[in-house]
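Novice: Prediction below, plus the sequence it came from.
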Amino acid sequence: QVQPVESGGGLVQAGGSLRLSCAASGRTFSIYTMGWFRQAPGQEREFVAAIIWSNDITSYADSVKGRFTISRDNAKNMVYLQMNNLKPEDTAVYYCAACREWPADNDRMYRYWGQGTQVTVSS
């Protein structure tokens, strides 16, 4: 199993950038698909991006394509979400999660979840 822990959230102006990190404990990190989800106040949790265990296939929500990039470093048990050209509608709590599925754009596929990190984008 893995236990994700997110970091890197904060307050940024529209058009700015943030890089979220997810440290995942556990010896078997490299066999898991890792995903990022987000949840804004009053809204359901939504898929943002995912990366397969082998680090060569990624998937993105349409709303973030071309602006966000997911990557992972299996040697360090880390997953990253580089967020560029941020918009106020990107404001949410961002969660890192792990599963053994692919494709994996549904939160019900994910078994292990972090506590989340707040991202706030001001206009």
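Specialist: Arrived safely.
Novice: beta partners for the residue nearest the centre of the chain?
Specialist: The structure's the chain has its C-alpha centroid closest to residue 36; by CA atoms, centre = their mean the separation is 2.3 Å. Note on residue 36: beta-bridge partners residue 49, residue 96, judged by DSSP bridges.
Novice: mind listing what the residue sitting furthest away from the middle of the chain touches?
Specialist: With distances taken from the mean C-alpha point of the chain and given as CA atoms, centre = their mean, the most distant residue is residue 123, at 22.5 Å. When contacts are counted by CB atoms under 8 Å, 6 or more residues apart in numbering, residue 123 touches 14, 88. Placement of C-beta: from N, CA and C, glycine included.
Novice: hmm, back to that, my guess is the residue nearest to the centre of the chain meets residue 94, correct?
Specialist: Yes. Between residue 36 and residue 94 there is a contact under CB atoms under 8 Å: 6.1 Å.
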